[in-house]
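In: A predicted structure for the sequence below; I have some questions about it.
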Amino acid sequence: MTSTWHRDTLSIDQQLALRTAAGNLARQFDGTFGTETIERFLHSSYEEFAGRAVVLNFLPLLAEKFARQRLRALARVEGRSDDGRPVVLFLCTHNAGRSQMALGFFTHLAGDDAIAWSGGSEPGTAVNPAAVAAMAERGIDISGEYPKPWTDEIVRAADAVITMGCGDACPVFPGRRYEEWDLDDPAGLTVDDVRPIRDEIERRVRALLAELVPAPR
């Protein structure tokens with residue numbers, strides 16, 4: 001795959017990692033998107049994380065994962081790929097606590113029956129460790145997740161958008177189902193304090209899932 005994108009500030013290792021990421025995405029989206037689109041999404045995803053990354057070595061991997069999600073969303077929006085499964089987008093301010101716990105419950109409970117993504121209006125640098133610990137008590141590991149923004153194609157690809165405290169910053173597109181969940185922000189709270197928030201999120205996710213995928217669980 002011939003790269004059309006260059007950035008002088010990247011180390012040799014990062015350039016190599018991004019070329020590898022571009023190759024992975026090209027194989028996955030072969031026949032759906034061309035090189036230019038894939039590289040544009042990969043490198044714009046890299047830019048999304050570059051300004052607030054704590055560990056630079058992980059940037060290419062994060063960019064690849066986010067670009068993959070965005071390309072899947074774009075394929076759905078443009079009618080290039082749609083398997084019919086409902087898509088839910090959970091949004092909060094920092095994408096570090098509430099929306100990550102909701103994503104964890106939804107993904108765990110839905111399995112392959114539905115798709116969930118998450119994002120934040122002001123993404124943090126890491127998922128809240130108290131939220132990670134509280135979810136681990138439910139047997140759900142969200143330690144591998146990372147705060148990320150939302151993009152137009154991700155919002156437009158969602159059937160339902162669940163907002164949790166991002167206010168006017170939350171995006172609104174016609175034709176989407178919107179719900180505002182009024183929940184406390186786990187930022188700065190202990191695990192003991194987070195447990196009631198976690199349990200309320202689980203209750204709401206189960207109710208949402210029962211509507212979107214009506215089947216015994």
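Out: Alright, I've got the coordinates.
In: so for the longest helix seen in the chain, mean pLDDT?
Out: Looking across the chain with DSSP state H, the single longest helix is helix 191-212. Throughout helix 191-212, pLDDT has a mean value of 97.
In: C-alpha coordinates for it, CSV please?
Out: Output of helix 191-212 as CSV, limited to C-alpha atoms (Å, rounded to 0.1, in the frame of the first residue of the first chain):
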residue,chain,number,x,y,z
VAL,A,191,-15.4,2.6,44.0
ASP,A,192,-18.0,2.6,46.8
ASP,A,193,-19.5,5.8,45.4
VAL,A,194,-19.4,4.5,41.8
ARG,A,195,-21.3,1.2,42.6
PRO,A,196,-24.8,2.9,42.7
ILE,A,197,-24.1,4.7,39.4
ARG,A,198,-22.9,1.4,37.9
ASP,A,199,-26.0,-0.4,39.0
GLU,A,200,-28.3,2.3,37.6
ILE,A,201,-26.5,2.2,34.3
GLU,A,202,-26.9,-1.6,34.2
ARG,A,203,-30.7,-1.3,34.8
ARG,A,204,-31.0,1.3,32.0
VAL,A,205,-28.9,-0.7,29.6
ARG,A,206,-30.9,-3.8,30.2
ALA,A,207,-34.1,-1.9,29.5
LEU,A,208,-32.7,-0.3,26.4
LEU,A,209,-31.5,-3.6,25.1
ALA,A,210,-34.8,-5.3,25.7
GLU,A,211,-36.4,-2.7,23.4
LEU,A,212,-33.8,-2.9,20.7
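In: and the end-to-end length of stretch 26-42?
Out: Start and end residues of stretch 26-42 are separated by 11 Å (CA to CA, to the nearest Å).
In: what is the mean pLDDT for it?
Out: The average pLDDT within stretch 26-42 is 96.
In: name the residues of it that come out as buried.
Out: Using 16 or more other CB atoms under 10 Å as the test for burial, stretch 26-42 gives 26, 29, 33, 38-39, 41-42. Placement of C-beta: from N, CA and C, glycine included.
In: also stretch 111-130?
Out: 114-121, 123-124, 127-128, 130.
In: can you check stretch 135-145 too?
Out: Neighbour counts over stretch 135-145 (16+ other CB under 10 Å) mark 135, 138, 140, 142, 145 as buried.
In: just these now: which is nearest Ala157?
Out: Set against Ala157, the nearest of the buried residues of stretch 135-145 by CB to CB is Glu145 (19.0 Å).
In: can you tell me which of the buried residues of stretch 111-130 lies closest to Leu62?
Out: Using CB to CB as the measure, the one of the buried residues of stretch 111-130 that approaches Leu62 most closely is Pro123, at 11.0 Å.
In: tell me the secondary structure at the closest one.
Out: Following DSSP: H, G, I helix; E, B strand; the rest coil, we place Pro123 in the coil state.
In: how much space between the closest residue in space to it that isn't next to it in sequence and Ser118?
Out: In this structure, Pro123 finds its nearest non-sequential neighbour in Pro147, 3.9 Å apart by CB to CB, 6 or more residues apart in numbering. Applying CB to CB, to the nearest Å, the value for Pro147 to Ser118 is 9 Å.
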